[in-house]
Structures are given as structure tokens and as C-alpha cells.
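Generate coordinates for the sequence data below:
(one chain, ligands or ions: 1)
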Amino acid sequence: MMASRRTVLAALAAGALAGCGRPGALTAGGQAAPAPPPAARIRALRAVPPSAPVLTRAQVVARYGDLRPHSWGFGGPGVVRDLSTTRRVIALTFDACGGRGGSACDQALIGFLRRREVPATLFLNSRWIDANPAVFRQLAGEPLFEIANHGTRHLPLSVTGRSAYGIAGTRNAGEVYDEVARNQAKLTRLLGVPPRFFRPGTAYCDDVAARIVTAMADRLVSFSVNGDGGATFTPGQVRSTVTAAPGGSIVLCHMNHPGSGTAQGIAAAVPRLMAAGYRFVRLSDGLR
Ligand SMILES: [Zn+2]
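This next block holds a predicted model:
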């Protein structure tokens, strides 16, 4: 499914193009995902305390299935948008959205982060992991990087099927559960521990979906600085946008578009920020 050019341009003009919004990466996927594993298995793997039980799909549908949403965007109840500090600390986050046109890996970007020892949080979609098993294993083994959940089919998180950038969102509470839980289970199996953070495909969510994510014991992370405009920015735009990020920012960029301006822009911005006294953290290190 492709967004119209008009839609994309309108989003750019509004400065809102964020998650995997470039025209070449707007495929919502749509392939049938495997059945979710038993909730008991997820609960055991997560080792969550009894006070924070992992909900089953049926429980999510029962509790949230009849609720109507009141908001749509990058925020919502429980949504983390920054590090809640004005200290010179920045969390760089990179999405890997997967799907047609979105399953590459920006090795120049990753190589730069390694050379300069810049910690980062990598939000990986289930389809991207499937397309890059060896790269995934390498990244997952590096303490410099924290792995987070970027959804199963890369869908905007809605309980009414609302769209973002031409991608139809999840249609109900059960599909919200599936979008989060299936990749959560995959990552838990691959990493040995559950990822702590979830960001929807396109980063859009409604308030009911945000509540579901929190009830599933995940933290839904949005962003405060749109660093690469859905991997559409030139290197200069990425450099100027990221360099201007204030302390406490969560910067959203992409690691799945090697031909974009992201790697060059980040490589130009990071030394400037370091020279100004900023340091970089993974989300787990920057959020209480
Ligand atoms: Zn994405």
C-alpha cells in the first residue's frame, strides 16, 4: 500500500513525517503472522512480578474492546516522549521498519556508532529481523546497542483501523495485542530477556492502544526530535536537526535506509554534540 505523494508531502510540510514514512517504505506488509505463543510462556520468559501480570489477548479484548479513542498522534497516556531531564543527555533511537523497501541495514551508520562508541536503542520490526538474521545476532550481542520492539507488521497502533502515511492501522484491541505481542515474543526468544520498549510502526497511536501497551507491561516510546524525517532528510537536514536537539531529547532516526542522509548527518551531528558536552544513552540508561 503506497501513500499518495500528496499525503507524504503534506506530512513533510507539517514536520510530522516520522516512522518509515518515505514513499519507498510505506508497505504495511500484511502477511499472516504466526499465532501468538501462550500467555503463560510470555509471562515466564518476562519474569515480571506478580503485581504486573501479562495480559492475555482475551483479557485485552475484554477490557479495552469497547473503548472509543479520543486522541491520535505521537503522544497518549503513558507514552514516553523524552528523558524528562534538561541535562545534556540524548537518546538516539533508530527504527528498522522492515517490509518491501525497508529491510536493508545502514552499515555506515552502525559502523560510525561502533567507532565512536555511541550507545543507541534500535527499534526492530519482526519483518526486518527475519530479513537480517545474521545482522540481528551481531547487534543483539553488542552492549552498545539496546534492542527494542518496533512491531510485528509495522502498523499504526489504533483500535479503529485509523491510518498514518497511507498505512492502515490495527483495527481493534485484539490486533493491537497481536502487533505488540508477536514481535515481543520473538525478541524475548531471541534475546533471552524481553525488550523493555515498544514503538509502533509510523509512531502513531491512539489513547486506547497506548493504554493497552502499558497494560501489557511495555513502555510505549515516541520521540521528541524527528531526526531524519522518515529517512527523507538530506545529510545537512539531519545534521542541523540532531545538532539542535536539546538535553533530554529522544531522537528518532532510521537504520534501514543506507541510501538516505541519516548516516552522514548523524556522523556530522554527534561530534558537534559531544564537543558541546552532550553524552548519549540507551533508553534503559536514560529512563527511570
Ligand atoms: Zn518504522
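
Pull the lengthiest strand in the chain out as PDB, backbone CA atoms only.
In the chain, ranked by residue count with DSSP state E as the criterion, the top strand is strand 89-96. Listed in PDB are the C-alpha atoms of strand 89-96, where the atom choice follows Å, rounded to 0.1, in the frame of the first residue of the first chain:
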ATOM      1  CA  VAL A  89      21.900  13.700  27.700                       C
ATOM      2  CA  ILE A  90      20.400  12.500  24.500                       C
ATOM      3  CA  ALA A  91      18.900   9.100  23.500                       C
ATOM      4  CA  LEU A  92      19.500   8.300  19.800                       C
ATOM      5  CA  THR A  93      16.900   5.700  18.600                       C
ATOM      6  CA  PHE A  94      17.000   4.100  15.200                       C
ATOM      7  CA  ASP A  95      14.000   2.300  13.700                       C
ATOM      8  CA  ALA A  96      14.300  -0.700  11.300                       C
END
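
Against which helices or strands is whichever helix or strand comes after it packed?
Note on strand 89-96: by DSSP states H and E, the next helix or strand toward the C-terminus is helix 107-115. With contacts taken as 3 or more C-beta pairs under 8 Å, 6 or more residues apart in numbering; DSSP states H and E, helix 107-115 sits against helix 262-275. The way it works is simple: take the backbone N, C-alpha and C, and place the C-beta from them, glycine included.

The ion contacts on the stretch 101-250 of the chain?
Counting by C-beta under 5 Å from the ion, the residues of the stretch 101-250 of the chain close to the ion are residue 201.

Show me the strands in the stretch 101-250 of the chain, by range?
120-124, 145-149, 163-164, 167-168, 197-198, 205-206, 219-220, 225-226, 250-254 (DSSP state E, counting those that start in this stretch).

how about those strands in a markdown table, adding mean pLDDT and mean neighbour count?
A markdown table is the format used below for the strands of the stretch 101-250 of the chain (pLDDT from 0 to 100; neighbours: other C-beta atoms under 10 Å):
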| stretch | mean pLDDT | mean neighbour count |
| --- | --- | --- |
| strand 120-124 | 98 | 26 |
| strand 145-149 | 98 | 24 |
| strand 163-164 | 98 | 24 |
| strand 167-168 | 96 | 20 |
| strand 197-198 | 98 | 22 |
| strand 205-206 | 98 | 30 |
| strand 219-220 | 96 | 22 |
| strand 225-226 | 98 | 21 |
| strand 250-254 | 98 | 27 |
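
just checking, residue 97 touches residue 201?
Yes. Using C-beta atoms under 8 Å as the test, residue 97 is close enough to residue 201 to be in contact (6.4 Å).

Just want to check the distance between residue 201 and residue 273.
Using C-beta to C-beta, to the nearest Å, one gets 28 Å for the distance from residue 201 to residue 273.

And for residue 180?
From residue 180 to residue 273 the distance is 32 Å (C-beta to C-beta).

what about these two, which has more around it?
residue 180 (25 against 20; other C-beta atoms under 10 Å).

Contact partners for residue 108?
258, 263, 264 (C-beta atoms under 8 Å, 6 or more residues apart in numbering).

Show me which of those residues are buried.
263, 264 (16 or more other C-beta atoms under 10 Å).

With respect to the ion, which of the contacts of residue 108 is nearest?
Comparing these against the ion with C-beta to the ion places residue 258 closest, at 15.5 Å.

nearest residue to the closest one other than its sequence neighbours?
residue 106 (4.5 Å; C-beta to C-beta, 6 or more residues apart in numbering).

same thing with residue 265?
residue 238 (2.3 Å).

do you know how far that neighbour is from residue 167?
On the measure of C-beta to C-beta, residue 238 and residue 167 end up 23 Å apart.

which residues in the stretch 1-150 of the chain form helices?
5-13, 39-46, 57-64, 107-115, 126-131, 133-140 (DSSP state H, counting those that start in this stretch).

Would you mark the buried spots in the third one?
Spelled out, that is helix 57-64. Buried residues in helix 57-64 (16+ other C-beta under 10 Å): 57, 59, 60, 61, 64.
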